[in-house]
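**Student:** pasting the structure only:
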C-alpha cells in the first residue's frame, strides 16, 4: 500500500460520520415511531450501543490484519475458496447498500422536488457524480468528506430552530411503549446507523496507533447517534403523536412550516444540504464496493471498476417503481445489510480468534 | 568604414600609432607566428582564412541581411580585423564606445589580446568556434583577426526595454508601484533589491531547441523544499520543443493537470508579491522577455491575496479578502441560483417579493436559461472587445455595450430587469478576483452551473458544487494539495487564507508547501513586553 494514500485520525472520524449520516435522517423519526411510538429515541440510543459491539469487532479484525481491507483478510481467515465466495457475497451486499441509498434518495427527491422527472435520470446524476468522486485515492476522498462536514452544523441549526415551538409534554410518558417494543424498534434504528462498516476499508488506510483508531470510530458513531437522537427527539416534541403517523418525512414537514424574512420553504434548502450527505455516504460505499470489485477481478486500480459499479447500481436502483416496491426492497436490503454489516464482522472475528487459538495450540503441542 | 565615425582628434594620433606599432610588432610577431602555426593545424581543417569563416557564418544564417561584416584596420599594425554582428539586435553606440573608440584612443602598442585584459569586462577571448552562431544571436559582436585560433566577443545588446512601471492589472492603492518588465536581469534585480539575502538562489535553465528561451528559477535555499525544487526543475528540463514562446507554454507544460479550469501556478507582475512568496518557500520562474513571473506551488487561496491586504489594517484586510472569496461564489453561482429559483423553486422566494418577480418575468418570451446565456455572452463580448480596443474607443464600447444594450434589451421586453441585475452583479463579482487566470476560470465555470441549474434546479447546483469541490480536493500543484488548508484541514494555516491575521501572528509558514524552516521569525511587537 502506498504511503501517500494514508489518512489521518481526524479524517477517519469525519469519514465515518459522513458515511453514517445519509438518506435515513429524513424518515428515521417516522420509521421509529411506527414501532416504538414516542420512545423511538430510546431505541436509537440502544442501537448506538449495539453497533459499538460491531465496531469493536471491526476494529479488532483490522488490528489483527493491519493495512489490509476486508477483502484481503477474509480469505486468510476462512481459507481461499470459501474466502472468494464470502468476498463475492460481501460485494453483493455492498452493491445492495448502494442500490438502496439510490432508491431512497430517488423516492424522496421525486416526492419533494421532481415529480415528473424519470427515475433513471435522477438516480444517474447522483451515481455519476459519485463515480467521478471515487476515481481517486482514499486520502482525497477523506479530504472531501472532511471539507463538507461543516454543513452538519447548518443541519443542526435548522433542526434546532424548531425549539422555538416545541411541547415537551408530547414526549411523555417516557418508556410507555415497553422494553420489548423499544428493543424491536432498535433494529430499524440500526439500519439508519449503518455506515460504520466502511471502517473495514478505511481503517486499512489510517495511520497511527491502533487504540486511538478505536476511539476515533467510537466517537464518530457516538456523535452520529446523538445527532440522530437529537433530530428524532425534536420531531417528537414538535409534532404531536397523532400527527407523526401521517408525515413520512417529519424533518422536512417541520422545516416546511418555518419561514424567514428572506427565505421561504426552508425544507428545500435543507434538502439541498441533505443531498450532500447522501452523496458522501454513497461515495464511501461505492468506494468500498469498487475496492471489492478490484480484489475480485484482480484489477490494478479500483478506478477502472468505478464506472461499472456506479452504472450497474443506478440501473438496478431504477427498477422498483411503485411505493410498495420501494418499501419491499428497503425492507429486504435493510435486513441483509444489518446482517452483513453488523453481524458478519463479529462472526468473522470469532472465527479468526478460534483459528488463532488453534494455531497456537498446534504450535505449543 | 564610413559607418563608424572616427573621432577627429584621433586622426592625427593614428599616424604615429601605426609607426610605433610597426617597430614593436616585427619583434613580437616572430615568436607568435611559430605558436600560431602549431595551433592552426588543429583548426585548419575547417577555416583556412577569415574570409572562408565569414562565408560559412553567412551561409549558416542563410544570408540574412541583418548580419553585418565590417573590416577595420587596426591602428597598431594595419592588420585587418573583421567585426561581425547582427545589426538588428546590437547597439551601435555601444559598439562605438566599447570597441572602436578605445581602440583608436590608445596610442600604445596594443593588440586585441592585451585589450581584452585592460579595457572591458564584456570583451572576451573565445576559442570555441562552434559557439559563433549562439553568441551572435545573443547580441554579441564578434571580432576575427588573422589569428585563427581564437576570436573576441563583445556584449553589445540593444536596449529594448521599457521603463519600470506599475502593472495595469495588478494595481494597488498603497505599497510599491514597481512592476516587472520584459528583461529578465532587471526583473531579478527587482527581486534582489527586496531580498538582500545570500540565501536567494538564481538558477538558469534553457528550453526550446530553436527559441532558446531562458528561464530563471529563483528560490530561498534555506526555506524552499528540495523535493519541490527538484520537481520543478525536472519538469522544466524535460520540455522538448522547438519553440517555447510564452510563459503560457511553460505553465501548460509543467502544471499537474492541463484538463482543469483552475490555474496551478500563480502569475504575477509584482516584485513584492514574488518576494513575499519566495519567503514562504515557493519557487519563482522568470522568463526571457516576459514581465510575467510564475510562482509554484500554489494553493487556491493564494489567488485571492493581494499585496494591498498587508498594507491595510488587518481587520479591513480580512474583510476584503472574505469579500473576494464570497465574490467567487457569487460569480459562479448567482445566475445559476436565480435560474433555479425562477424555473423550479418559486416557493423559496418570500411572498412579498414574489409579485415583483412575477411581474418582471411575465412578459419575457424566453426561458431564464436562454436569457442568462444571452446576457452573459453579451458581457463577455463587451469585455473581449474592450481589451482589444484602444482606451479611447474602449470607453465608447462600455457605454454602448453596457448602458445602451442593457437599457434597450429590457425596454424591448427581451430580457427581464432582474436578469440584468443578476448578470451585472455576477460580472462585477468576477472582476474582484485579483488574479486574472482565476477570474477567467470563474467566468467559464458559471456556464456549466447555469445549465445544471436549468435542468435540475437546486439539485443541479449542489451536484455541480460537489464535483467542483471534489475536483479542488484532488487537484495538486507540484505535489502539494491545491485546496489546502481547507482540504486537508490545517487550522494554523488559515491565518493568511480566508482571513489575514495581524502581522505578529504570522510566525509560521504555510505547511502545504512543506518549507524547510517552518518558523518565521516574526517578533514585531517585542517592545510591548518592556
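**Tutor:** Looks like it arrived, so ask away. The model shown is predicted, which means the values in this text are computed figures rather than measured ones.

**Student:** number of nearby residues for residue B:319?
**Tutor:** 15 (other CB atoms under 10 Å in any protein chain shown). For the C-beta atoms, the positions are set from N, CA and C on the backbone; glycine is no exception.

**Student:** list the helices and strands the helix or strand it falls within packs on?
**Tutor:** In this structure, residue B:319 is located in helix B:314-343 according to DSSP states H and E. In this structure, helix B:314-343 packs against helix B:368-388, helix B:417-431, helix B:436-474, with contacts taken as 3 or more CB pairs under 8 Å, 6 or more residues apart in numbering or on different chains; DSSP states H and E.

**Student:** okay, now the closest residue to chain B within the stretch 101-250 of chain A: neighbour count?
**Tutor:** Residue nearest to chain B within the stretch 101-250 of chain A: residue A:143 (3.9 Å; CB to the nearest CB). Look at residue A:143: counted by other CB under 10 Å, it has 28 neighbours.

**Student:** identify the residues contacting the helix or strand where it lies?
**Tutor:** Using DSSP H and E, residue A:143 sits within helix A:138-147. Outside helix A:138-147, the residues that touch it by CB atoms under 8 Å, 6 or more residues apart in numbering or on different chains are A:4-8, A:10-12, A:14-15, A:18-19, A:133-134, A:201-202, A:205, A:280, A:283-284, A:287, B:469-470, B:473-474, B:481, B:483, B:486-489.

**Student:** after it, next one along is what?
**Tutor:** helix A:151-160.

**Student:** under the pLDDT cut-off, which ranges of chain A? List them.
**Tutor:** Flagging of chain A using pLDDT under 70 yields the residue ranges A:1-4, A:364-365.

**Student:** can you pull out the strands in it?
**Tutor:** Ranges of strands in chain A, per DSSP state E: none exist.

**Student:** how many neighbours does residue 185 have?
**Tutor:** Chain wasn't specified; assuming chain A. Residue A:185: 26 surrounding residues under other CB under 10 Å.

**Student:** switch to chain B, that's the one I care about
**Tutor:** Neighbours of residue B:185 using other CB under 10 Å come to 13.

**Student:** for it, helix, strand, or coil?
**Tutor:** Per DSSP: H, G, I helix; E, B strand; the rest coil, the local secondary structure of residue B:185 is helix.

**Student:** please name the residues that touch the closest residue to residue A:109 other than its chain neighbours.
**Tutor:** The shortest distance from residue A:109 to any non-neighbouring residue, by CB to CB, 6 or more residues apart in numbering or on different chains, is to residue A:122 (5.4 Å). Counting by CB under 8 Å, 6+ apart, residue A:122 touches A:105-106, A:109-110, A:114, B:459.

**Student:** just send those back as TSV, with neighbour count and distance to residue B:101 too.
**Tutor:** As requested, those are arranged in TSV below (neighbours: other CB atoms under 10 Å in any protein chain shown; distance: CB to CB, whole Å):
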residue	neighbour count	distance to residue B:101
A:105	23	85
A:106	24	88
A:109	23	86
A:110	16	90
A:114	17	86
B:459	23	79
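
**Student:** circling back to that earlier point, and the helix holding residue B:319 with helix B:417-431, angle?
**Tutor:** For helix B:314-343 against helix B:417-431, the angle by axes from the mean of the first three to the mean of the last three CA atoms, to 10 degrees is 140 degrees.

**Student:** chain center to helix B:314-343: distance?
**Tutor:** From the chain centre to the centre of helix B:314-343 is a distance of 30 Å (CA atoms, centre = their mean, to the nearest Å).

**Student:** stretch B:465-475 now?
**Tutor:** Using CA atoms, centre = their mean, the distance between the centre of stretch B:465-475 and that of its chain works out at 28 Å.

**Student:** can you tell me what sits against the following helix or strand past the helix holding residue B:319?
**Tutor:** On the C-terminal side of helix B:314-343, the closest following helix or strand by DSSP H and E is helix B:351-361. Around helix B:351-361, the neighbours that count as contacts under CB under 8 Å, 6+ apart are A:264, B:342, B:346, B:349, B:368, B:416-418.

**Student:** my read: residue B:197 touches residue B:220, true?
**Tutor:** Yes - contact criterion CB atoms under 8 Å: residue B:197 and residue B:220 qualify, at 7.2 Å.

**Student:** before we move on, back to that, now the residue nearest to residue A:109: how far from residue A:279?
**Tutor:** 13 Å (CB to CB, to the nearest Å).

**Student:** end to end on stretch A:73-82, go ahead and measure it.
**Tutor:** Start and end residues of stretch A:73-82 are separated by 12 Å (CA to CA, to the nearest Å).

**Student:** and the contacts of residue A:122, which of them are in helices?
**Tutor:** Residues of the contacts of residue A:122 located in helices (DSSP state H): A:105-106, A:109-110, B:459.

**Student:** got these as a markdown table, with distance to residue A:81 columns?
**Tutor:** Shown next, in a markdown table, are these (distance: CB to CB, whole Å):
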| residue | distance to residue A:81 |
| --- | --- |
| A:105 | 37 |
| A:106 | 38 |
| A:109 | 43 |
| A:110 | 44 |
| B:459 | 45 |
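
**Student:** which of those residues lies closest to residue A:181?
**Tutor:** Closest approach between the ones in helices among the contacts of residue A:122 and residue A:181, by CB to CB: residue A:105, at 29.3 Å.

**Student:** in space, what's closest to that closest one - neighbours in sequence excluded?
**Tutor:** Nearest to residue A:105 is residue A:278, by CB to CB, 6+ apart, at 5.0 Å.

**Student:** before we move on, what about residue A:299?
**Tutor:** Leaving aside its sequence neighbours, residue A:299 sits nearest to residue A:305 (CB to CB, 6+ apart; 5.8 Å).

**Student:** can you pull the contacts of that neighbour?
**Tutor:** Neighbouring residues of residue A:305 by CB under 8 Å, 6+ apart: A:290, A:293-294, A:297, A:299.

**Student:** one more time with 10 Å
**Tutor:** A:134-135, A:286, A:289-297, A:299 (CB atoms under 10 Å, 6 or more residues apart in numbering or on different chains).

**Student:** what's the answer for residue B:490, then?
**Tutor:** B:481, B:484, B:497, B:510-512.

**Student:** repeat for residue B:386
**Tutor:** Listed by CB under 10 Å, 6+ apart, the contact set of residue B:386 reads B:393-398, B:401-402.

**Student:** can you do 6 Å?
**Tutor:** Taking CB atoms under 6 Å, 6 or more residues apart in numbering or on different chains as the criterion, residue B:386 is in contact with B:394, B:397.

**Student:** and it, how far is that from chain A?
**Tutor:** 35 Å (CB to the nearest CB, to the nearest Å).

**Student:** residue B:345 versus that residue, what's the distance?
**Tutor:** Plainly put, residue B:386 is 36 Å away from residue B:345 if you go by CB to CB.

**Student:** if we ignore the residues flanking it in sequence, what's nearest residue B:243?
**Tutor:** The spatial neighbour of residue B:243 that comes closest, neighbours along the chain excluded (CB to CB, 6+ apart), is residue B:211 at 4.6 Å.

**Student:** give me the element residue B:267 is part of.
**Tutor:** strand B:266-268.

**Student:** rounded mean pLDDT for that strand, please.
**Tutor:** The average pLDDT within strand B:266-268 is 92.

**Student:** stretch B:479-492 now?
**Tutor:** The model assigns stretch B:479-492 a mean pLDDT of 87.

**Student:** buried stuff in it?
**Tutor:** Buried residues in stretch B:479-492, counted by 16 or more other CB atoms under 10 Å in any protein chain shown: B:480-489.
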